[in-house]
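**Student:** The following block contains a protein sequence and its predicted model.
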Amino acid sequence: MIQTKTLIIGAGLSGLSLAHALENKGRDFHLLEARDRPGGRILTQGTNEAYFDMGPAWFWPGQPRIASLINQFKLRAFGQFSDGELCFEDEGGLVQHGRGYASMQGSYRLEGGLAALTNALSAMLPKGRLTVSNRVTTLTRHDNHITAETDTGLNVEADQVVLALPPRIAANIVFAPALDAKVIASMTAIPTWMAGQAKAMAVYDRPFWREAGLSGDAMSRHGPLVEIHDASTMAEDHYALFGFIGVPPQARSDHETLHQQIIAQLVRLFGPQAGAVSALHLKDWAFDPLTSTDLDRRPLYNHPSYGLPYALENLWEGRLLFAGTEVAPEFGGYLEGALEAAENALTMLERVRV
(Lines give C-alpha, C1' and ligand atoms only; values in the text may rest on other atoms or scores of the structure.)
Protein backbone atom coordinates (compact mmCIF):
# COMPACT_ATOMS: atom_id res chain seq x y z
CA MET A 1 0.00 0.00 0.00
CA ILE A 2 1.26 3.45 -0.98
CA GLN A 3 -0.17 6.42 0.89
CA THR A 4 0.05 9.91 -0.57
CA LYS A 5 -1.65 13.28 -0.57
CA THR A 6 -2.18 13.53 -4.32
CA LEU A 7 -2.26 10.63 -6.75
CA ILE A 8 -1.65 11.53 -10.39
CA ILE A 9 -2.76 8.89 -12.87
CA GLY A 10 -0.87 9.19 -16.16
CA ALA A 11 2.79 10.18 -16.62
CA GLY A 12 2.42 11.95 -19.92
CA LEU A 13 3.45 15.58 -20.31
CA SER A 14 0.53 16.83 -18.21
CA GLY A 15 1.02 14.38 -15.35
CA LEU A 16 4.79 14.92 -15.28
CA SER A 17 4.36 18.69 -15.33
CA LEU A 18 1.88 18.56 -12.45
CA ALA A 19 4.20 16.27 -10.46
CA HIS A 20 7.09 18.65 -11.09
CA ALA A 21 5.01 21.59 -9.86
CA LEU A 22 3.94 19.74 -6.71
CA GLU A 23 7.55 18.77 -6.01
CA ASN A 24 8.61 22.41 -6.35
CA LYS A 25 5.96 23.33 -3.75
CA GLY A 26 7.11 20.60 -1.39
CA ARG A 27 3.81 18.73 -1.69
CA ASP A 28 3.34 14.99 -1.31
CA PHE A 29 2.31 13.10 -4.47
CA HIS A 30 2.66 9.82 -6.31
CA LEU A 31 2.55 9.29 -10.06
CA LEU A 32 1.18 6.08 -11.63
CA GLU A 33 1.75 5.17 -15.28
CA ALA A 34 0.26 2.22 -17.15
CA ARG A 35 3.05 2.08 -19.73
CA ASP A 36 6.53 0.83 -18.98
CA ARG A 37 7.87 4.34 -19.55
CA PRO A 38 6.86 7.93 -18.84
CA GLY A 39 5.87 10.21 -21.71
CA GLY A 40 2.42 9.00 -22.73
CA ARG A 41 1.71 10.00 -26.31
CA ILE A 42 5.16 11.53 -26.57
CA LEU A 43 7.13 8.70 -28.15
CA THR A 44 10.60 9.31 -29.55
CA GLN A 45 12.12 6.56 -31.69
CA GLY A 46 15.89 6.22 -31.51
CA THR A 47 17.77 5.11 -34.64
CA ASN A 48 21.59 5.11 -34.72
CA GLU A 49 21.80 7.88 -32.13
CA ALA A 50 19.16 9.92 -33.95
CA TYR A 51 15.75 10.59 -32.44
CA PHE A 52 12.46 10.90 -34.28
CA ASP A 53 9.05 11.70 -32.81
CA MET A 54 6.34 9.13 -33.54
CA GLY A 55 3.77 11.05 -31.53
CA PRO A 56 3.45 14.83 -31.34
CA ALA A 57 6.42 16.62 -32.86
CA TRP A 58 5.76 20.37 -33.00
CA PHE A 59 5.14 23.39 -30.86
CA TRP A 60 4.68 27.01 -31.89
CA PRO A 61 5.58 30.59 -30.97
CA GLY A 62 3.08 32.08 -28.53
CA GLN A 63 3.03 28.97 -26.33
CA PRO A 64 4.73 30.25 -23.16
CA ARG A 65 4.54 27.17 -20.93
CA ILE A 66 6.50 24.83 -23.16
CA ALA A 67 8.96 27.60 -24.00
CA SER A 68 9.56 28.13 -20.29
CA LEU A 69 10.18 24.42 -19.64
CA ILE A 70 12.58 24.12 -22.56
CA ASN A 71 14.50 27.11 -21.23
CA GLN A 72 14.44 25.74 -17.67
CA PHE A 73 15.97 22.43 -18.72
CA LYS A 74 18.35 24.07 -21.19
CA LEU A 75 17.00 22.09 -24.12
CA ARG A 76 17.37 23.26 -27.71
CA ALA A 77 14.53 24.04 -30.09
CA PHE A 78 14.90 24.39 -33.85
CA GLY A 79 12.63 25.46 -36.66
CA GLN A 80 10.82 23.00 -38.88
CA PHE A 81 12.65 22.75 -42.21
CA SER A 82 10.49 24.15 -45.01
CA ASP A 83 12.86 25.56 -47.67
CA GLY A 84 12.10 24.43 -51.19
CA GLU A 85 9.12 23.35 -53.22
CA LEU A 86 6.14 21.37 -51.95
CA CYS A 87 4.90 18.25 -53.74
CA PHE A 88 1.26 17.55 -54.48
CA GLU A 89 -0.20 14.21 -55.55
CA ASP A 90 -3.66 14.13 -57.07
CA GLU A 91 -6.26 11.36 -56.92
CA GLY A 92 -4.66 9.50 -59.80
CA GLY A 93 -1.13 9.61 -58.39
CA LEU A 94 0.05 12.44 -60.67
CA VAL A 95 2.75 14.46 -58.88
CA GLN A 96 3.21 18.21 -59.22
CA HIS A 97 5.89 20.39 -57.63
CA GLY A 98 5.51 23.93 -56.34
CA ARG A 99 1.82 23.74 -55.56
CA GLY A 100 0.58 24.74 -52.11
CA TYR A 101 2.55 25.81 -49.05
CA ALA A 102 4.49 24.27 -46.18
CA SER A 103 1.78 23.83 -43.56
CA MET A 104 4.20 23.45 -40.62
CA GLN A 105 6.38 26.41 -41.54
CA GLY A 106 7.05 28.49 -38.43
CA SER A 107 6.69 25.58 -36.02
CA TYR A 108 9.47 24.25 -33.80
CA ARG A 109 10.84 20.85 -32.87
CA LEU A 110 13.10 19.76 -30.05
CA GLU A 111 16.65 18.46 -30.34
CA GLY A 112 16.61 14.83 -29.24
CA GLY A 113 12.85 14.64 -29.79
CA LEU A 114 10.14 15.58 -27.34
CA ALA A 115 11.17 12.71 -25.07
CA ALA A 116 14.07 14.98 -24.11
CA LEU A 117 11.48 17.11 -22.31
CA THR A 118 9.55 14.30 -20.63
CA ASN A 119 12.81 12.60 -19.64
CA ALA A 120 14.02 15.85 -18.08
CA LEU A 121 10.79 16.16 -16.09
CA SER A 122 11.02 12.51 -14.99
CA ALA A 123 14.61 12.97 -13.86
CA MET A 124 13.54 15.77 -11.51
CA LEU A 125 11.18 13.52 -9.55
CA PRO A 126 12.44 12.07 -6.27
CA LYS A 127 13.11 8.35 -6.24
CA GLY A 128 10.00 6.31 -5.52
CA ARG A 129 7.47 8.95 -6.64
CA LEU A 130 6.85 7.39 -10.09
CA THR A 131 5.56 3.86 -10.58
CA VAL A 132 5.31 2.52 -14.15
CA SER A 133 3.69 -0.62 -15.59
CA ASN A 134 0.65 -0.21 -13.35
CA ARG A 135 -2.73 0.52 -14.97
CA VAL A 136 -5.37 1.79 -12.59
CA THR A 137 -8.46 -0.41 -12.82
CA THR A 138 -10.57 0.79 -9.88
CA LEU A 139 -11.02 4.01 -7.92
CA THR A 140 -12.99 3.71 -4.68
CA ARG A 141 -14.16 6.72 -2.71
CA HIS A 142 -14.16 6.50 1.08
CA ASP A 143 -15.17 9.08 3.67
CA ASN A 144 -11.84 10.90 3.71
CA HIS A 145 -9.71 9.32 0.99
CA ILE A 146 -9.70 7.52 -2.36
CA THR A 147 -8.16 4.10 -2.99
CA ALA A 148 -6.74 3.20 -6.39
CA GLU A 149 -6.15 -0.41 -7.39
CA THR A 150 -3.97 -1.36 -10.35
CA ASP A 151 -3.84 -4.38 -12.63
CA THR A 152 -0.82 -5.69 -10.69
CA GLY A 153 -2.67 -5.57 -7.37
CA LEU A 154 -0.95 -2.41 -6.14
CA ASN A 155 -3.12 -0.19 -3.91
CA VAL A 156 -2.60 3.54 -3.47
CA GLU A 157 -4.46 5.61 -0.90
CA ALA A 158 -4.73 9.34 -1.62
CA ASP A 159 -6.65 12.40 -0.48
CA GLN A 160 -7.08 13.63 -4.05
CA VAL A 161 -6.74 12.00 -7.48
CA VAL A 162 -5.89 13.70 -10.77
CA LEU A 163 -6.75 11.86 -13.98
CA ALA A 164 -3.95 13.10 -16.25
CA LEU A 165 -5.01 10.98 -19.19
CA PRO A 166 -7.59 11.19 -21.99
CA PRO A 167 -11.15 11.24 -20.56
CA ARG A 168 -12.18 8.35 -22.83
CA ILE A 169 -9.39 6.23 -21.37
CA ALA A 170 -10.29 7.35 -17.85
CA ALA A 171 -13.88 6.22 -18.48
CA ASN A 172 -12.59 2.61 -18.58
CA ILE A 173 -11.75 2.81 -14.87
CA VAL A 174 -14.32 1.29 -12.51
CA PHE A 175 -15.49 4.01 -10.13
CA ALA A 176 -17.05 3.09 -6.78
CA PRO A 177 -19.51 4.51 -6.17
CA ALA A 178 -20.28 4.71 -9.88
CA LEU A 179 -20.08 8.12 -11.49
CA ASP A 180 -23.33 9.56 -12.79
CA ALA A 181 -24.22 8.41 -16.30
CA LYS A 182 -24.02 12.03 -17.49
CA VAL A 183 -20.43 12.22 -16.26
CA ILE A 184 -19.39 9.06 -18.12
CA ALA A 185 -21.22 10.27 -21.23
CA SER A 186 -19.34 13.56 -21.04
CA MET A 187 -16.02 11.74 -20.68
CA THR A 188 -16.62 9.46 -23.66
CA ALA A 189 -17.83 12.35 -25.82
CA ILE A 190 -14.40 14.03 -25.73
CA PRO A 191 -12.27 12.91 -28.71
CA THR A 192 -8.75 11.88 -27.77
CA TRP A 193 -6.37 14.05 -29.73
CA MET A 194 -4.15 12.10 -32.12
CA ALA A 195 -5.67 8.78 -31.06
CA GLY A 196 -6.91 7.77 -34.50
CA GLN A 197 -3.69 8.67 -36.27
CA ALA A 198 -0.83 6.58 -37.56
CA LYS A 199 2.61 7.94 -38.46
CA ALA A 200 5.29 6.55 -40.72
CA MET A 201 8.94 7.59 -40.49
CA ALA A 202 11.33 6.84 -43.37
CA VAL A 203 14.99 7.34 -42.41
CA TYR A 204 17.67 8.04 -45.06
CA ASP A 205 21.43 8.46 -45.29
CA ARG A 206 21.13 11.67 -47.34
CA PRO A 207 18.59 14.48 -47.72
CA PHE A 208 18.16 13.88 -51.45
CA TRP A 209 14.90 15.85 -51.54
CA ARG A 210 16.68 18.97 -50.25
CA GLU A 211 19.40 18.49 -52.84
CA ALA A 212 16.63 18.48 -55.48
CA GLY A 213 15.18 21.76 -54.18
CA LEU A 214 12.25 20.12 -52.38
CA SER A 215 11.19 20.95 -48.83
CA GLY A 216 10.04 17.45 -47.98
CA ASP A 217 6.51 18.74 -47.58
CA ALA A 218 3.88 16.91 -49.60
CA MET A 219 0.13 16.64 -49.74
CA SER A 220 -1.57 13.66 -51.33
CA ARG A 221 -5.08 12.66 -52.33
CA HIS A 222 -3.79 9.28 -53.47
CA GLY A 223 -2.05 7.97 -50.36
CA PRO A 224 -1.50 6.07 -48.23
CA LEU A 225 0.27 9.11 -46.71
CA VAL A 226 -1.88 12.24 -46.87
CA GLU A 227 0.62 14.71 -45.42
CA ILE A 228 4.43 14.48 -45.37
CA HIS A 229 7.16 16.62 -43.78
CA ASP A 230 10.92 16.70 -43.34
CA ALA A 231 11.78 15.10 -39.98
CA SER A 232 15.58 15.42 -40.10
CA THR A 233 17.51 16.04 -36.90
CA MET A 234 18.62 19.44 -35.68
CA ALA A 235 22.27 18.66 -36.40
CA GLU A 236 21.27 17.61 -39.93
CA ASP A 237 23.35 14.47 -39.58
CA HIS A 238 20.37 12.10 -39.75
CA TYR A 239 17.61 12.58 -42.28
CA ALA A 240 14.01 11.47 -42.46
CA LEU A 241 10.61 12.05 -44.01
CA PHE A 242 7.52 11.34 -41.98
CA GLY A 243 3.89 11.22 -42.93
CA PHE A 244 0.40 10.85 -41.54
CA ILE A 245 -1.34 7.76 -42.85
CA GLY A 246 -4.75 8.57 -44.31
CA VAL A 247 -5.97 4.99 -44.67
CA PRO A 248 -8.80 4.28 -42.17
CA PRO A 249 -7.65 2.28 -39.12
CA GLN A 250 -9.67 -0.77 -40.10
CA ALA A 251 -7.85 -0.96 -43.46
CA ARG A 252 -4.24 -0.59 -42.31
CA SER A 253 -3.67 -3.71 -40.24
CA ASP A 254 -1.46 -5.37 -42.90
CA HIS A 255 1.77 -3.58 -42.06
CA GLU A 256 3.90 -5.36 -44.65
CA THR A 257 1.65 -4.22 -47.48
CA LEU A 258 1.37 -0.76 -45.95
CA HIS A 259 5.16 -0.45 -45.80
CA GLN A 260 5.41 -1.35 -49.49
CA GLN A 261 2.74 1.20 -50.38
CA ILE A 262 4.45 3.92 -48.35
CA ILE A 263 7.81 3.40 -50.04
CA ALA A 264 6.15 3.31 -53.46
CA GLN A 265 4.44 6.62 -52.72
CA LEU A 266 7.66 8.26 -51.50
CA VAL A 267 9.32 7.16 -54.75
CA ARG A 268 6.49 8.75 -56.76
CA LEU A 269 6.80 11.99 -54.83
CA PHE A 270 10.55 12.34 -54.37
CA GLY A 271 12.17 10.08 -56.94
CA PRO A 272 13.88 6.66 -56.96
CA GLN A 273 16.30 7.57 -54.15
CA ALA A 274 13.32 7.49 -51.78
CA GLY A 275 13.27 3.72 -52.16
CA ALA A 276 16.61 3.36 -50.36
CA VAL A 277 15.33 3.68 -46.80
CA SER A 278 17.73 2.77 -44.01
CA ALA A 279 14.77 2.30 -41.62
CA LEU A 280 11.00 2.59 -41.80
CA HIS A 281 9.09 3.03 -38.54
CA LEU A 282 5.33 2.88 -38.09
CA LYS A 283 3.25 3.80 -35.05
CA ASP A 284 -0.50 3.27 -35.21
CA TRP A 285 -2.02 5.09 -32.24
CA ALA A 286 -5.51 3.86 -33.11
CA PHE A 287 -4.61 0.41 -31.83
CA ASP A 288 -2.76 1.54 -28.73
CA PRO A 289 -5.16 0.59 -25.90
CA LEU A 290 -3.65 3.17 -23.55
CA THR A 291 -4.41 5.95 -26.03
CA SER A 292 -7.35 4.97 -28.19
CA THR A 293 -10.84 3.52 -27.82
CA ASP A 294 -13.20 2.26 -30.51
CA LEU A 295 -14.75 5.73 -30.66
CA ASP A 296 -11.37 7.26 -31.53
CA ARG A 297 -11.12 5.21 -34.71
CA ARG A 298 -13.73 7.44 -36.29
CA PRO A 299 -12.10 10.18 -38.40
CA LEU A 300 -11.81 13.76 -37.09
CA TYR A 301 -12.40 16.36 -39.77
CA ASN A 302 -11.48 19.40 -37.69
CA HIS A 303 -9.85 20.33 -34.42
CA PRO A 304 -12.28 19.53 -31.58
CA SER A 305 -13.46 22.22 -29.21
CA TYR A 306 -11.71 21.20 -26.01
CA GLY A 307 -11.97 22.30 -22.40
CA LEU A 308 -13.32 20.92 -19.13
CA PRO A 309 -17.07 20.23 -19.45
CA TYR A 310 -19.28 21.36 -16.59
CA ALA A 311 -20.24 17.74 -15.87
CA LEU A 312 -16.61 16.94 -14.98
CA GLU A 313 -16.24 19.70 -12.41
CA ASN A 314 -16.29 19.15 -8.64
CA LEU A 315 -16.48 15.35 -8.78
CA TRP A 316 -16.36 13.60 -5.42
CA GLU A 317 -16.45 17.01 -3.72
CA GLY A 318 -13.41 18.19 -5.60
CA ARG A 319 -11.27 15.17 -4.77
CA LEU A 320 -11.37 13.78 -8.34
CA LEU A 321 -9.84 16.11 -10.94
CA PHE A 322 -8.92 16.02 -14.62
CA ALA A 323 -5.77 17.08 -16.45
CA GLY A 324 -4.53 16.23 -19.93
CA THR A 325 -4.62 18.27 -23.11
CA GLU A 326 -8.27 17.40 -23.88
CA VAL A 327 -9.52 19.50 -20.94
CA ALA A 328 -7.40 22.58 -21.67
CA PRO A 329 -9.68 25.46 -22.71
CA GLU A 330 -7.17 27.49 -24.76
CA PHE A 331 -4.58 25.08 -26.18
CA GLY A 332 -6.53 21.82 -26.05
CA GLY A 333 -5.01 19.16 -28.32
CA TYR A 334 -1.52 20.67 -28.24
CA LEU A 335 1.52 20.07 -26.05
CA GLU A 336 0.88 23.51 -24.58
CA GLY A 337 -2.60 22.28 -23.70
CA ALA A 338 -1.17 19.44 -21.62
CA LEU A 339 0.81 22.00 -19.62
CA GLU A 340 -2.17 24.33 -19.41
CA ALA A 341 -4.35 21.52 -18.03
CA ALA A 342 -1.70 20.63 -15.44
CA GLU A 343 -1.54 24.26 -14.40
CA ASN A 344 -5.33 24.40 -14.01
CA ALA A 345 -5.35 21.13 -12.04
CA LEU A 346 -2.73 22.56 -9.67
CA THR A 347 -4.96 25.56 -9.05
CA MET A 348 -7.88 23.27 -8.23
CA LEU A 349 -5.75 21.16 -5.90
CA GLU A 350 -4.80 24.33 -4.04
CA ARG A 351 -8.42 25.46 -3.90
CA VAL A 352 -9.74 22.15 -2.58
CA ARG A 353 -7.18 21.34 0.12
CA VAL A 354 -8.30 18.28 2.03
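**Tutor:** Right, received. Where do you want to start? Residues are numbered from 1 along each chain as shown.

**Student:** going forward, measure contacts and count neighbours with C-alpha atoms only.
**Tutor:** Fine.

**Student:** nearest spatial neighbour of Ala240, skipping sequence neighbours?
**Tutor:** Nearest non-adjacent residue to Ala240, counting by C-alpha to C-alpha, 6 or more residues apart in numbering: Val203, 4.2 Å away.

**Student:** So for Arg297, what's the pLDDT?
**Tutor:** Arg297 carries a pLDDT value of 86.

**Student:** can you name the farthest residue from the center of this structure?
**Tutor:** Distance from the C-alpha centroid of the chain peaks at Asp143, with 35.3 Å (C-alpha atoms, centre = their mean).

**Student:** and that one, what element?
**Tutor:** Here Asp143, judged by DSSP states H and E, is contained in no helix and no strand.

**Student:** Mind checking what secondary structure the residue nearest to Ala240 has?
**Tutor:** Under DSSP: H, G, I helix; E, B strand; the rest coil, Val203 falls in the strand class.

**Student:** Surely it and Leu241 touch.
**Tutor:** Yes - using C-alpha atoms under 8 Å, Val203 is in contact with Leu241, at 6.6 Å.

**Student:** same for the lowest-mean-pLDDT helix or strand in the chain, what does it pack against?
**Tutor:** The helix or strand of the chain with the poorest confidence is strand 44-47; it has a mean of 86 (mean pLDDT, DSSP states H and E). If you count contacts as 3 or more C-alpha pairs under 8 Å, 6 or more residues apart in numbering; DSSP states H and E, strand 44-47 packs onto strand 50-53.

**Student:** ok, and what's touching the strand it packs on?
**Tutor:** Applying C-alpha atoms under 8 Å, 6 or more residues apart in numbering, the contact partners of strand 50-53 are Ile42, Leu43, Thr44, Gln45, Gly46, Gly112, Gly113, Leu114, Met201, Ala231, Thr233, His238.

**Student:** try stretch 65-85
**Tutor:** The contact list for stretch 65-85 (C-alpha under 8 Å, 6+ apart) reads 59, 97-99, 102, 104-111, 116-117, 120, 210, 213-217, 230, 234, 335-336, 339-340.

**Student:** hmm, try it at 7 Å
**Tutor:** With contacts defined as C-alpha atoms under 7 Å, 6 or more residues apart in numbering, stretch 65-85 is touched by 97-98, 102, 104-111, 120, 213-215, 230, 234, 336, 339.

**Student:** Among these, which are located in helices?
**Tutor:** Ala120, Glu336, Leu339 (DSSP state H).

**Student:** and the spatially closest residue to Trp193 that is not a sequence neighbour, helix, strand or coil?
**Tutor:** Closest residue in space to Trp193, ignoring its immediate chain neighbours: Gly333 at 5.5 Å, by C-alpha to C-alpha, 6+ apart. Of the three states, Gly333 takes coil under three-state DSSP.

**Student:** tell me the pLDDT at Gly333?
**Tutor:** Per-residue pLDDT puts Gly333 at 95.

**Student:** Kindly provide the distance from it to Arg41.
**Tutor:** 12 Å (C-alpha to C-alpha, to the nearest Å).

**Student:** now swap in Asp151 and tell me
**Tutor:** Counting by C-alpha to C-alpha, the gap from Asp151 to Arg41 is 21 Å.

**Student:** Tell me where the stretch 201-350 of the chain is predicted with low confidence.
**Tutor:** Applying pLDDT under 70 to the stretch 201-350 of the chain flags the ranges 299-301.

**Student:** for Leu154, what are its contacts?
**Tutor:** Leu154 makes contacts with Met1, as judged by C-alpha under 7 Å, 6+ apart.

**Student:** What does it show for phi and psi?
**Tutor:** The phi/psi pair for Leu154 (degrees, to the nearest 10) reads phi -70, psi 140.

**Student:** go on, the one 10 residues further on?
**Tutor:** Backbone geometry at Ala164, expressed as degrees, to the nearest 10, gives phi -90, psi 60.

**Student:** got the residue ranges for the strands in the stretch 101-250 of the chain?
**Tutor:** Using DSSP state E, counting those that start in this stretch, the strands of the stretch 101-250 of the chain run over residues 108-110, 130-131, 136-141, 146-150, 155-164, 174-176, 198-204, 214-220, 225-230, 239-245.

**Student:** Now do the same for the closest residue to Ile42 other than its chain neighbours: helix, strand or coil?
**Tutor:** In space, and not counting its chain neighbours, Ile42 is closest to Gly55: 5.2 Å by C-alpha to C-alpha, 6+ apart. Each residue gets one of three states, and Gly55 gets coil by three-state DSSP.
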